[in-house]
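J.: got a predicted structure plus its sequence, pasted below:
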Amino acid sequence: MKLTTRGHYSVKALLDLSLQSKHRPVSVKSIASRQDLPAPYLEKLLIKMRQAGIVRSVRGVQGGYQLAMDPSYISLGQILEAVGETIDPFPNYEIDKTQAEDWVTICLWRRIHQKLKEALYSITLADLYYDARSWKASIGEKTSFII
């Protein structure tokens, strides 16, 4: 599985939101600026994540986006699903059920797919946050960082 731009940007944006003190609303413009992301595209991704219940939007001068729940309750699988990522190994593959090799290969990939899906839904935004902080600390950098 390769994480596409949409998945990568979504995770970066949510990690940025998780870094905000008391999870205050943050403008798309400020997230985009800190993470070097295109603001119009980021806005579209945040709308999808709002529709999935991962973030909420706050209107007004001090408005923006904020996490809808604690980062420990947001899985990588939820994030990727919300923005339309797929980990399906055979989106358009026709199975020839008369060929044993095809059937064995399909069964193998289905098992791998299931394990990958389980892993993606077990890794939380909080896990990624702490992994990134640990890495920064291990190389001697401050733990306030741009993802």
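T.: Thanks, I have the structure now.
J.: going by C-alpha atoms from here, please, whenever you check contacts or count neighbours.
T.: OK.
J.: could you find the closest non-adjacent residue to K29?
T.: A39 (5.9 Å; C-alpha to C-alpha, 6 or more residues apart in numbering).
J.: who are the contact partners of the one you found?
T.: Counting by C-alpha atoms under 8 Å, 6 or more residues apart in numbering, A39 touches V28, K29, A32, S33.
J.: ok, now how distant is it from A126?
T.: Distance of A39 to A126, given as C-alpha to C-alpha, to the nearest Å: 24 Å.
J.: one more: D36?
T.: 22 Å.
J.: neighbour count winner among these two?
T.: More crowded of D36 and A126, by other C-alpha atoms under 10 Å: A126, with 18 against 13.
J.: what helix or strand is that one on?
T.: helix 125-138 (DSSP states H and E).
J.: in stretch 108-126, what's buried?
T.: H113, K117, L120, Y121, S122, I123, T124, L125, A126 (16 or more other C-alpha atoms under 10 Å).
J.: and the one helix or strand G77 maps to, average pLDDT?
T.: Per DSSP H and E: G77 is located in helix 76-82. What helix 76-82 shows for mean pLDDT is 94.
J.: same check, this time on stretch 107-117
T.: On average, stretch 107-117 scores 87.
J.: and what of stretch 46-61?
T.: 95.
J.: number of nearby residues for E101?
T.: 11.
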